[in-house]
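> Any chance you can model this:
(chains A and B)
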Amino acid sequence: MKPAAFTYHRAESVEHAVSLLGELGEDAKVIAGGQSLVALMNMRLARPSALVDVSGVRGLHHMVLEPSGELRIGALVTHAAIEDYPLVIPGFEILPKAAALVGHWPIRTRGTFGGSIAHADPTSEWCLVAVLHGARMVIEGPGGSRTLGSEDFFGGPFMTDLGHDELLTEVVLTEPRERSAIREFARRAGDFAIVSAAVAYDIVNGRMSGARVALGGVASVAVRAPAAEAELEGAEATPEVFARASRAAAEDLQPPSDLHGSADYRRRLVRVLTERALADTLAGD
Amino acid sequence: MRTDSETLNVEFTVNGEARRVSIPPRRTLADVLREDLGLTGTHLGCEHGVCGACTVIVDGEPVRACLMFGVQAAGCEIETVEGLALPDGSLNDLQRSFSEHHGLQCGFCTPGMLMLGTAYVRRAVAADRESVREVVSSNLCRCTGYQGIVDAVCELVCHPDGTGAGEDPAGDS
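Numbers count the residues shown, from 1 in each chain, chains lettered A, B, ... in the order given. Now for the predicted structure:
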């Protein structure tokens, strides 16, 4: 359980990191908190020839709520920093709840929001939140900066559109919602979720508006559940509506079967977790 | 195959003492502590971030020393289990509490549990038993001696009635 040898390069800035990645070639990897990468390296599932350590780069630790209501999150913000953030971020109350589900405390102290998004684990809480909130990924590369929506950014399990010489620097969460909640099921506290569900909506004239339902663990990337969203949209927030929407979320899904659970089991989890998450949104009433 | 031709000089403090090591980049902080500095109190269980036996404190935060490379610790303040006892060698409050509550059986997970507990006790101002259980769930004890460990941490941060400790009851003190 020792990693293969690599060369180590400390990036001083975003530009420096991009230039190092360009020089070092395709086998180099970015390391920030390292909480997924180092485990993979110890098991030799990953054998990068070089690591570009961006953890000391300044200017990527921000959380900024824009006047538009969008939230900009720097790639190096740790899970623990989001979990312990002292203020309520209007429209994104889901963030500390999701953060608390990421691994365990000693993982959250080092793991980063951007690292989790770039790693693109299909059951990652942050990938789920990114899909729920229509995230835009800000990417710096040799040719300058570009921005991708989550549907273009995530390509599959552990796959993104990031080039080997590009760095994810910021994630912009859009679509703030008054009410939101997240639920997941894992065999043990802190394990990877088998299935996760996140919901969000506004209340306009007593009815749900801008309803969103996102699911993790049911496809190669986190996905929205349009049928469930349609059930919620314009309806009153009642247990009956929630039950109907949760059934809709589970229909038409073709989740994977593996040793953690069959497709049928996952569909059942989707229904239960979506319903529980929706019930959580009424907890403050 | 790439070899360790390159070593890097890294400086940090361990338990308040300045240390300097010359290490290949692939050496984890856990191995640096154990192999280069002889601090074998930090144990290695799974070496992929699951068991928590290697938990140490870096710049005040609990971390898995197997998921951090030694070169990443440059300039950091590291605390290990060797730094817990008082200067005369007697146990500190948390260590004594582990002893009194039978918070260890074989002892393999104990250094990690103690460092996790140390970080938690410092920041927990109003903990309840459930929060302590959530924190302790981070580390594995294969003797399954969790009750004693939770009791030991609770002793320092929970009120006997199960509510938060460290709260100053308004006007009562």
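> Not counting sequence-adjacent ones, nearest residue to A:Ala214?
Leaving aside its sequence neighbours, A:Ala214 sits nearest to A:Leu132 (CB to CB, 6 or more residues apart in numbering or on different chains; 4.0 Å). Every C-beta, even on glycine, is put in place using the N, C-alpha and C of the backbone.
> What is the burial count for A:Gly25?
11 (other CB atoms under 10 Å in any protein chain shown).
> Identify the residues contacting the closest residue to chain B within the stretch 101-250 of chain A.
Residue of the stretch 101-250 of chain A nearest chain B, by CB to the nearest CB: A:His104 (3.5 Å). Listed by CB atoms under 8 Å, 6 or more residues apart in numbering or on different chains, the contact set of A:His104 reads A:189-190, B:52, B:137-138.
> Outline the domain layout of chain B.
Taking automatic domain parsing as the reference, chain B has its domains at B:8-82, B:93-157.
> Of these, which shows the lowest average pLDDT?
Of all those, the minimum mean pLDDT falls on domain B:93-157 (a mean of 94).
> quick one: contacts of stretch B:56-64?
By CB under 8 Å, 6+ apart, the list of residues contacting stretch B:56-64 reads A:35, A:80, A:105-107, A:109-110, B:29-30, B:33, B:42, B:49, B:52, B:54-55, B:65, B:68, B:73, B:76-81, B:115-116, B:118-120, B:122.
> rerun that using 7 Å as the cut-off
With contact meaning CB atoms under 7 Å, 6 or more residues apart in numbering or on different chains, stretch B:56-64 is reached by A:105-107, A:109-110, B:42, B:49, B:52, B:54-55, B:65, B:73, B:76-80, B:115-116, B:118-119.
> my read: A:Leu215 touches A:Leu273, true?
No. A:Leu215 is not in contact with A:Leu273 according to CB atoms under 7 Å; the separation is 8.4 Å.
> Output the longest helix belonging to chain B.
Taking DSSP state H as the criterion, chain B has its longest helix at helix B:110-123.
> list the helices and strands that helix packs on?
Identification of packing neighbours for helix B:110-123 by 3 or more CB pairs under 7 Å, 6 or more residues apart in numbering or on different chains; DSSP states H and E yields strand B:55-58, strand B:61-64, helix B:93-100, helix B:146-157.
> How far off centre is the longest one?
For helix B:146-157, the distance between its averaged C-alpha position and the chain's averaged C-alpha position is 15 Å (CA atoms, centre = their mean, to the nearest Å).
> And for stretch A:90-100?
Computed by CA atoms, centre = their mean, the separation of stretch A:90-100 from the middle of its chain amounts to 12 Å.
> close to chain B, is that stretch?
No. Stretch A:90-100 lies out of reach of chain B by CB under 7 Å from any CB of the partner chain, never closer than 8.7 Å.
> Any part of stretch B:145-157 near chain A?
No. Stretch B:145-157 does not reach chain A (CB under 7 Å from any CB); its nearest approach is 11.9 Å.
> Alpha carbons of that stretch, in PDB - could you do that?
Output of stretch B:145-157 as PDB, limited to C-alpha atoms (Å, rounded to 0.1, in the frame of the first residue of the first chain):
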ATOM      1  CA  GLY B 145     -14.700  -1.200  21.900                       C
ATOM      2  CA  TYR B 146     -16.600   1.900  20.800                       C
ATOM      3  CA  GLN B 147     -18.700   2.300  23.900                       C
ATOM      4  CA  GLY B 148     -15.700   2.800  26.100                       C
ATOM      5  CA  ILE B 149     -14.100   5.200  23.600                       C
ATOM      6  CA  VAL B 150     -17.300   7.300  23.400                       C
ATOM      7  CA  ASP B 151     -17.600   7.300  27.200                       C
ATOM      8  CA  ALA B 152     -14.000   8.500  27.500                       C
ATOM      9  CA  VAL B 153     -14.500  11.400  25.000                       C
ATOM     10  CA  CYS B 154     -17.900  12.200  26.500                       C
ATOM     11  CA  GLU B 155     -16.300  12.500  29.900                       C
ATOM     12  CA  LEU B 156     -14.500  15.600  28.700                       C
ATOM     13  CA  VAL B 157     -17.200  17.300  26.500                       C
END
